[in-house]
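# Return a 3D structure for these sequence lines:
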Amino acid sequence: MNRWRRRIIAVCLMSLWAYDVSSAKELEQIATPPPLAKTGMATAYLHQPREVVLQVGGRIIEPMTFLIRKEPRHGKLGELKRTGRNTATVTYYPDASAGPVDDVFTFAAKSSDSPVSAPATVWVRVVEEPPVLEHPAKLDFGTVYLGDSSERELVLRNSGGGRPSGRLEVNPPWTVRGNPKFVVPSGAETTFLLVFSPTDERSFSDRLRLGPEQGDSVELHGQGIAPFSWPKGGWKFSPVQRAHGVAEFAVTNQTPQAKVLAVEWPEFIKADSEIRLPAGATVSVKAGIVGSLKKAFEGSLNVRSGNFTTQIPFIVYPKPAKLAIVPESGLDLGEGRSGEEIKGSFLLKNSGESDAPLSITLPDEVQIRPDPSTIVLGAGEERVFEIRLLGFKPGLHQGKIVIGTPSGASAYLDYKASLRDGAVASLPVENFLKLPEMPRLTSLPPVGKVPPVKIAWLVSSAPHEVEINWDATPPEASKYKIQRRKISSPDERQVVVEWIDWPEVKIRIAGGQASARWQSLPENSRWTIRIVGFDSTGVPGPPSPAFQIVTAPSQRFVVPAWCWIVLVALLAVAAIRMSVGQRRAALAQEDERIAKLEKK
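Numbers count the residues shown, from 1 in each chain. Just a heads-up that it's a prediction; the model follows:
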């Protein structure tokens, strides 16, 4: 009886233990949460598969299993692949026939000791693949002669998706042969022909844009060169060539082919209208004048060769000036006394077709009035000039006067005059030395005809500079000198006044006015001066009255005393405010340091 009782108790105990174990396992399973599947987003191109990453979170116990709960409607999914402890990948294959669309699928995950997680949604946006327009970065058209053209092919290839479209727009001298519009489907290409036709002799560059992006452009380069060359400045029919009646003009063919150059000449020019030029050769073109051309001609010649057209500057000068002096046999001024002026006249003619700016070369004893170097003798004009001879040596005086022009035309006049002796021999000096025998004038040297300066005006006065002006009297007054007064006293009973030339003064004569300018003078100084005029032969006229010039004193600014007082007060206030500010900043830093210590 006791044995059966013990057996029954043992069976009951074993049943209770088995129930507790199974209940514990069920409780453990119920208490273990599933993994957390995460939603996701991806973008796939229409014609390309896309790998999508799946992620889970939460408590993960291996082995982990990923499950696809809902397949996509517009595509297919490949095989799931574990890539990490909490990640997996699946390949999405879009349906090309569906076009661009938004697709969706769901997935879940499960650990070995947990239930299946709630499904997570993955959105897949299917889009058209962006276009990839391939093209060369640069097109070089090389060197092209003006009138010719160079062609290059431009190939556009779409290695991406879509259908990029646009229009080729180029600037001259480039053009697009054919339709400039383009549409390039995916995987296709299209070809354009670009033509470079330069119009100037220089380098050209441009940028052909194909799209809004910076890289969607093609650089265009080319060099234009003239097929012909001629002297710089064009063709010129010089006055010397006019005198001979024929001129030669050079032109060079710079191309490797023979060319024919057509020239449109003016009516008064006789020359070939077509010039044949071998390859790389230089040819001289002969031209002549038909009839009489009284005036200069300045224009251009139209030339043409194939598609090349341009203009050559063309200048025809009139015949050069031709001077002649009357009397041609020379000028006899007759007789006179030494130290006295002898006068005569002659006629100068210009029988050429060009105006003649005159220049003159003559001996020192001769003067010409008016001065030919200031005159331009027009074509066909004539003018009378006066000759004056002033000699101091008795005897026969003769020489040559030369009047010329920049073009080389010149005329000569021989003159002669006989002077009688008007002086006595030199007198001996004391002791054994004698002066060389030199004539002594019986009268004082002639005084120039320059009238004296009566009044001068002050233009400006500065601490170191003074400027005055006065009325000049050209042509009598050729130049002026400034003299300053110097007073010295060799002894107590004698005072000597001297007038000394002042060459540092800058004197200018223009428009009937003369001006003198002093620089680097001491400030607040006073000077006594006078003005002396000279004619063209260097003979002085009477001096002017004495004038005084005064330099201005320097303007020195003195700061009033009250300004210094105010400045010191302001500096003191600023120093006090700076000190108070620094003290406040130090107290604030100390308060902040104490507050930090209290917090700790």
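# residue ranges for the helices of the stretch 451-600 of the chain, please.
For the stretch 451-600 of the chain, the helices defined by DSSP state H, counting those that start in this stretch cover 561-599.
# pLDDT weak spots in it?
For the stretch 451-600 of the chain, the stretches flagged by pLDDT under 70 are 474-476, 489, 491-495, 511, 555-559, 598, 600.
# As a check, name the ranges of all strands in it.
457-461, 466-471, 479-491, 494-501, 506-510, 513-518, 526-534, 547-550 (DSSP state E, counting those that start in this stretch).
# quick one, strands of the stretch 301-450 of the chain?
Going by DSSP E, counting those that start in this stretch, the stretch 301-450 of the chain shows strands at 308-316, 323-326, 331-337, 341-350, 356-357, 359-361, 366-369, 376-377, 382-390, 395-404, 410-420, 423-424, 440-441.
# Could you identify which of these is most buried?
strand 356-357 (a mean of 22; mean count of other C-beta atoms under 10 Å). Backbone N, C-alpha and C define where each C-beta goes, glycine included.
# Just checking: what are the partner strands of that strand?
strand 376-377 (antiparallel) (DSSP bridges).
# separation between Leu413 and Pro370?
16 Å (C-beta to C-beta, to the nearest Å).
# Kindly report the same for Val184.
Counting by C-beta to C-beta, the gap between Val184 and Pro370 amounts to 85 Å.
# Excluding sequence neighbours, find me the nearest residue to Val246.
Computed as C-beta to C-beta, 6 or more residues apart in numbering, the closest residue to Val246 that is not its neighbour in sequence is Gly288, at 5.1 Å.
# what residues are up against the nearest residue to Ser359 once chain neighbours are set aside?
The shortest distance from Ser359 to any non-neighbouring residue, by C-beta to C-beta, 6+ apart, is to Gly404 (5.0 Å). By C-beta atoms under 8 Å, 6 or more residues apart in numbering, the contact list for Gly404 reads 323, 358-361, 410-411.
# and which of the residues you listed is nearest Phe66?
Ser359 (110.4 Å; C-beta to C-beta).
# between Val184 and Pro370, who's got more neighbours?
Val184 (21 against 12; other C-beta atoms under 10 Å).
# Surely Gly352 touches Leu377?
No: the criterion here is C-beta atoms under 8 Å, and Gly352 misses it with Leu377 at 9.6 Å.
# if I look at these two, which residues touch both of them?
In contact with both Gly352 and Leu377: 321, 323, using C-beta under 8 Å, 6+ apart.
# re the thing from before, of the contacts of Gly404, which is the nearest to Ala586?
Ser359 (90.5 Å).
# distance of that closest one from Ala552?
Taking C-beta to C-beta, one finds Ser359 at 46 Å from Ala552.
# Give me the pLDDT value at Leu358.
If you check Leu358, the pLDDT there is 88.
# quick revisit: for the strands of the stretch 301-450 of the chain, which one sits closest to Gly75?
Nearest to Gly75 among the strands of the stretch 301-450 of the chain is strand 308-316 (64.4 Å), distances taken as C-beta to C-beta.
# just checking, what packs against the closest one?
The contact analysis (3 or more C-beta pairs under 8 Å, 6 or more residues apart in numbering; DSSP states H and E) places strand 308-316 against strand 235-237, strand 297-305.
# any idea which of these is most buried?
strand 235-237 (a mean of 20).
# Tell me which other helices or strands it touches.
Partner elements for strand 235-237 (3+ C-beta pairs under 8 Å, 6+ apart): strand 246-253, strand 308-316.
# Give me the contact list for the helix or strand just after that strand.
Later in the chain than strand 235-237, the nearest helix or strand by DSSP states H and E is helix 239-244. Residues outside helix 239-244 that contact it (C-beta under 8 Å, 6+ apart): 247, 289, 293, 316-320, 353-354, 407.
# Between all of those, which two are separated the most?
Taking C-beta to C-beta, no two of the contacts of helix 239-244 sit farther apart than Ile289 and Ser407, at 17.5 Å.
# Is there a neighbour count for the nearest residue to Gln483 once chain neighbours are set aside? I'd like the number.
Among residues not flanking Gln483 along the chain, Trp499 sits closest, at 4.3 Å (C-beta to C-beta, 6+ apart). Trp499: 15 surrounding residues under other C-beta under 10 Å.
# Next: the one 10 residues further on.
Look at Ile509: counted by other C-beta under 10 Å, it has 14 neighbours.
# Give the closest residue to it in space, chain neighbours not counted.
Closest residue to Ile509 apart from its sequence neighbours, by C-beta to C-beta, 6+ apart: Ala472 at 5.3 Å.
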